[in-house]
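A.B. asks: Provided below are the primary sequence and the corresponding predicted coordinates.
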Amino acid sequence: MSNQRIKLVQGDITKIKADAIVNAANTSLLGGGGVDGAIHRAGGKAILEECIQIRNRQGGCKTGEAVITTGGNLPAKYVIHTVGPVYNNGGKGENGLLASAYLNSLKLAAENHVETIAFPNISTGIYHFPKKKAASIAIKIVQDFLAGNESIKEVVFVCFDDENCGIYKGLL
Ligand code: AR6
């Protein structure tokens, strides 16, 4: 069962020792508030330097896509930066874009031989995606991916706030 490879943790993702942690970034890749700010603060300037190189090469990261950098000073080896959608009544393809953000992060992780990966609750902060809907999309994408993939051994959902934590506990 793929659920045996899924874990739920409440806390700060910058403290997680995994091969990769995922950042809920924005299309500029230049940092911001929320989990993005916390990752850049804790990981140091090596992360931003690689983000700037990616930006110079391909002009940032589109919504639903993902890029990978070093983890800098973090306990994680890599940071996978993905961009979730800004929620706007659900009529702008937000569900599909959030699913793509999770899926493209997992694909990039597998391509880079990542065995353990931790996700924050992408788009559920500053981008206002409804938390319950976001959680069911995240869990479905991860379960489906793990069912067809052997290389990723563990996916950790790191919930920061009590509300997300309760929702994930209920769904998993
Ligand atoms: N560890 C784990 N989760 C966290 C942490 C942390 N240290 N800090 C916050 N969260 P948000 P978004 C949770 O706003 O909605 C940035 O400015 C938080 O409780 O970080 O995708 C970017 O640059 C919430 O559940 O990301 C973008 O501009 C979740 O992380 C924009 O915000 C996501 O909240 C992206 O907005």
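C.D. replies: Happy to help now that I have it.

A.B. asks: which element is the residue most central in space within the chain on?
C.D. replies: The chain has residue 22 as the residue nearest its centroid, 3.4 Å off, counting by Cα atoms, centre = their mean. Assessed by DSSP states H and E, residue 22 sits inside strand 20-24.

A.B. asks: buried residues in the next helix-or-strand element following that strand?
C.D. replies: Using DSSP H and E, the helix or strand that follows strand 20-24 towards the C-terminus is helix 34-43. Using 16 or more other Cβ atoms under 10 Å as the test for burial, helix 34-43 gives 34-36, 38-40, 42-43. All C-beta spots, glycine's among them, are computed from the backbone N, C-alpha and C.

A.B. asks: just how off-centre is helix 34-43 within its chain?
C.D. replies: Mean-position distance between helix 34-43 and its chain equals 13 Å (Cα atoms, centre = their mean, to the nearest Å).

A.B. asks: could you point out which element follows it?
C.D. replies: Counting by DSSP H and E, what follows helix 34-43 is helix 45-58.

A.B. asks: can whichever helix or strand comes after that following helix be said to contact the ligand?
C.D. replies: Toward the C-terminus, helix 45-58 is succeeded by strand 66-70 as the next helix or strand (DSSP H and E). No - Strand 66-70 lies out of reach of the ligand by Cβ under 6 Å from any ligand atom, never closer than 12.9 Å.

A.B. asks: strand 66-70 pairs with which strands?
C.D. replies: If you go by DSSP bridges, strand 66-70 pairs up with strand 78-82 (antiparallel).

A.B. asks: which residues touch the partner strand?
C.D. replies: 19-25, 29, 39, 43, 47, 51, 61, 64-72, 101-102, 104-105, 108-109, 112, 114, 117, 122 (Cβ atoms under 8 Å, 6 or more residues apart in numbering).

A.B. asks: how about low-confidence regions in the chain?
C.D. replies: The model of the chain has pLDDT under 70 over residues 1-2.

A.B. asks: up against the ligand, what does the chain have?
C.D. replies: Residues of the chain lying near the ligand (Cβ under 6 Å from any ligand atom): 12-14, 24-26, 32-36, 38, 84, 120-127, 158, 160-161, 164.

A.B. asks: give the contact list for the residue nearest to the centre of the chain.
C.D. replies: The neighbourhood of residue 22, defined by Cβ under 8 Å, 6+ apart, consists of 13, 66, 79-82, 105, 117-120, 122.
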